[in-house]
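Participant: heads up, no residue letters with this:
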Ligand SMILES: O=C(O)c1ccc(O)c(O)c1
Ligand SMILES: [Mg+2]
């Protein structure tokens, strides 16, 4: 279906919004009137610019407070409408959105409302314009889509139809199945928005917290299916009022919006995309550092052995069990400390993963490799981390490890500490791309998203959300820094799995690994939270190990000191524990602040 976007979704001037929508591949626009009023461009210039870019203007909006008990006020509304019809002609748009009145003067009697809408539609028709009447969820009398439709049906004018908006429908708890009772040709327009489940005033919720479909909790795809079954053939148009998107880069938001609509079409059964061969685990984590000394020392103490060196690049492979860490000195900025640059994801079909990423408007990274290197494709995640699609140790696909030459003079034999693999990787997201990241991991990689959590840090509150593949070893924790400038200071981390954390910690410590000290208050509190065996509690206290449990099992974890932006976590899961120790995150954050010397 055609894809449109309301200018209110995007940041910047009207021309910046138009350019961003065109660059992201949209077909059409809803012009939000305040964007036009503030623009230095004339309506004709806007019309021409839009046409030059191959777009159409599908809707002019909003026209407010039409229905009224005051005949004088209604005459004034007709006069106001004449101005807008003339403006719409200059813009080259023939559909105007009228939202239900929020005024105390809105009539109780549907007959009055229907009559006034019909009279407005008659005037509109004289100008070649049609009216799409939308129920605002906070409309004074008309606040549900079925009520708006009843009024439109009663007015019975060919230039009058209804506009459905998924936010208003879901936020009022209406059942979208009733859409199928509206004749498709009377659904003049379909606006789509999602939103997180928030218990708050519906107007505030709508004006500040809408998000793109797939980023919130509404079943927007189900609503689209109902509209299509009703016979709707117009555009799928995004109308998202969101405080964060209003500040973010418009070009990037437009791509996020486009990805949302493509994924929505797939969910609604309107498009077939290459299926996501969801990743099953981690092939490697790649750290970049100008000076790899501190990381080598830490990896060595954690029991990793340096096993290979890349044939053409300054990259080392370090391994323990199935945990593989690459240390890369190319391109690392001398001023910045070590950082997590890339993740290798195990996927059953790397080429299919790339095709899916491309189908979902995700940036496939240019290959930089020598002719005889194993093909390794990557996409850029929203935070800039390169995600490589790997198939390690299978005959049906080249193995990326063959690019690494075994070391002729191996590093002194490290003693393994019992690390078996990578349990999860935690990435810090730019605060204004958090919703984009959730949608990216869900749609492009086919992962499941857990609900967002708010984690208190001594200097702010940050959001955290896990994405994972159920039943596999693939788990990512996405954290968002509390303040825009805070990202560079926020560490990322690699969590290493062990079957015996006490032994692993003891061995690592003996080998010289610096671990994060945990305040005694934490273990005192732990004793009150859980009836733990005193001997176990003493061991946890002594080793600086944190503890959590859920219905399925237990979680033991501890942290190394931070090197640059990176630290390691050592984790042991028992039973089917499915979390990440979130209740302990505030203690870890405070302990890291203490260790950094910033927080006495
Ligand atoms: O918040 C509003 O006023 C508003 C305006 C136009 C719309 O289409 C809408 O859904 C909300
Ligand atoms: Mg709307």
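Facilitator: Looks like it came in fine. Fair warning: this is a prediction, and the values are worked out from it, not measured in the lab. Ligands and ions are numbered 1, 2, ... in the order given.
Participant: model confidence for residue 334, exactly?
Facilitator: Listed pLDDT for residue 334 reads 65.
Participant: residue 454 too?
Facilitator: pLDDT, residue 454: 84.
Participant: spatially nearest residue to it, not counting backbone neighbours?
Facilitator: Using Cβ to Cβ, 6 or more residues apart in numbering and skipping the chain neighbours, the partner closest in space to residue 454 is residue 461 (5.2 Å). From N, CA and C alone the C-beta is placed, and that goes for glycine too.
Participant: what of residue 527?
Facilitator: residue 537 (5.9 Å).
Participant: just to revisit the earlier point, so what secondary structure elements neighbour the host helix or strand of the residue nearest to residue 454?
Facilitator: Assessed by DSSP states H and E, residue 461 sits inside strand 460-468. With contacts defined as 3 or more Cβ pairs under 8 Å, 6 or more residues apart in numbering; DSSP states H and E, the packing partners of strand 460-468 are helix 434-443, strand 448-449, strand 453-457, strand 475-480.
Participant: strands paired with it, and their directions?
Facilitator: If you go by DSSP bridges, strand 460-468 pairs up with strand 448-449 (antiparallel), strand 453-457 (antiparallel), strand 475-480 (antiparallel).
Participant: buried sites along it?
Facilitator: 462-468 (16 or more other Cβ atoms under 10 Å).
Participant: by pLDDT, give me the weakest of the residues you listed.
Facilitator: Lowest pLDDT among the buried residues of strand 460-468: residue 462, with 79.
Participant: mind checking how far that one is from residue 435?
Facilitator: Separation of residue 462 from residue 435 (Cβ to Cβ, to the nearest Å) stands at 15 Å.
Participant: quick check: buried residues in the lowest-mean-pLDDT helix or strand in the chain?
Facilitator: The weakest-scoring helix or strand in the chain, judged by mean pLDDT, DSSP states H and E, is strand 453-457 (a mean of 82). Applying a neighbour-count criterion of 16+ other Cβ under 10 Å, one finds 453, 455, 457 buried in strand 453-457.
Participant: check stretch 82-94 too.
Facilitator: Neighbour counts over stretch 82-94 (16+ other Cβ under 10 Å) mark 84-85, 87-88, 91, 93-94 as buried.
Participant: of those, closest to residue 9?
Facilitator: For the buried residues of stretch 82-94, the minimum distance to residue 9 (Cβ to Cβ) is 17.3 Å, reached by residue 93.
Participant: tally up the residues packed near the closest residue to residue 105 other than its chain neighbours, please.
Facilitator: Distance criterion Cβ to Cβ, 6+ apart; nearest residue to residue 105, sequence neighbours excluded, is residue 68 at 4.6 Å. Look at residue 68: counted by other Cβ atoms under 10 Å, it has 21 neighbours.
Participant: also residue 195?
Facilitator: Using other Cβ under 10 Å, residue 195 is surrounded by 24 other residues.
Participant: so which residues on this protein come close to ligand 1?
Facilitator: 61-62, 97, 99, 134, 136, 165, 191, 206-207, 239 (Cβ under 6 Å from any ligand atom).
Participant: now stretch 345-360: mean pLDDT?
Facilitator: Here the average pLDDT along stretch 345-360 is 94.
Participant: other residues contacting that stretch?
Facilitator: 259, 262-263, 273-283, 364, 376-377, 379, 387-392, 397, 443-446, 474 (Cβ atoms under 8 Å, 6 or more residues apart in numbering).
Participant: just the ones of those residues in helices?
Facilitator: Among those, DSSP state H puts 259, 262-263, 443 in helices.
Participant: which pair of those spans the longest distance?
Facilitator: Farthest apart among the ones in helices among the contacts of stretch 345-360 by Cβ to Cβ are 262 and 443. That separation is 7.8 Å.
Participant: looking at these two, which one has more neighbours?
Facilitator: residue 443 (25 against 19).
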